[in-house]
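*Asks:* build me a structure from this.
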Amino acid sequence: MNPSFRVLVFAAAAFLPSVPVQAEGLQPDWLQGRWCRDAGGMLTEETWMAPQGGETIGMSRTVKNDRMVGFEYVRIVNGAHGPMYVAQPNGGTAVSFMLTRRDETRLVFENPAHDFPQRIEYRRDGDRLLAEISGPGPDGDTVRVPFEYQLCGGRRPTS
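*Replies:* Prediction:
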């Protein structure tokens, strides 16, 4: 993998939030709350509020060496064709992903027209939230980037 692309993938991935969804009565409480990830010297904290008013709101921040290096706003909304994950990395242009698969502990959102990622998946496994973003790399092969989050309650995780 091209080193510049690898940096871009990991930088983008650092801002990836957990995803609650509300659609057709499905409101998985397993995603609501505060999730943390400490990897590669970067601490990512994500907070998701309970669904209200037809949307679920989430936000995340990533800190490295006591300096915020990124943040993201995310909403889960009921779009014209079903639930959509709408991400705004660093407050920039919103990118939408359609919910394509779900069960009691798994959500998959996809946008084949987006450059990277094209697919975002979340799975609950006990006190862990497993996420993966994927899409085409510069050589056309699929690149998969996994993440593991822990429930962190009201405490800041330790390094």
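*Asks:* got any ranges where this protein has weak pLDDT?
*Replies:* Low-confidence segments of the chain, defined by pLDDT under 70, are located at 1-29, 153-159.
*Asks:* hmm, what's the outermost residue in it?
*Replies:* For the chain, the residue at maximal distance from the C-alpha centroid (C-alpha atoms, centre = their mean) is Asp139, at 24.5 Å.
*Asks:* in the chain, which strand is the longest?
*Replies:* Secondary structure assigned by DSSP state E gives strand 67-79 as the longest strand of the chain.
*Asks:* next SSE after it?
*Replies:* Of the helices and strands lying after strand 67-79 in sequence (DSSP states H and E), the nearest is strand 82-89.
*Asks:* within the sheet, what are the partner strands of that following strand, with directions?
*Replies:* Strand pairing for strand 82-89, using DSSP bridges, gives strand 67-79 (antiparallel), strand 95-103 (antiparallel).
*Asks:* and those strands: which comes nearest Gly135?
*Replies:* Gly135 lies closest, by C-beta to C-beta, to one member of the strands paired with strand 82-89: strand 95-103, at 11.0 Å. (C-beta placed from N, C-alpha, C; glycine too.)
*Asks:* CA atoms only for that closest one, dumped as PDB, please.
*Replies:* Presented in PDB, the C-alpha positions along strand 95-103 are these (Å, rounded to 0.1, in the frame of the first residue of the first chain):
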ATOM      1  CA  VAL A  95     -21.200  12.200   3.000                       C
ATOM      2  CA  SER A  96     -24.200   9.800   3.200                       C
ATOM      3  CA  PHE A  97     -24.200   6.000   3.400                       C
ATOM      4  CA  MET A  98     -27.300   3.900   3.100                       C
ATOM      5  CA  LEU A  99     -28.100   1.100   5.600                       C
ATOM      6  CA  THR A 100     -27.800  -2.100   3.600                       C
ATOM      7  CA  ARG A 101     -27.800  -4.800   6.300                       C
ATOM      8  CA  ARG A 102     -28.700  -5.100   9.900                       C
ATOM      9  CA  ASP A 103     -29.400  -7.500  12.700                       C
END
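*Asks:* what does that strand rub up against?
*Replies:* Here strand 95-103 makes contact (C-beta atoms under 8 Å, 6 or more residues apart in numbering) with 21, 23, 26, 79, 81-89, 107-111, 114, 120.
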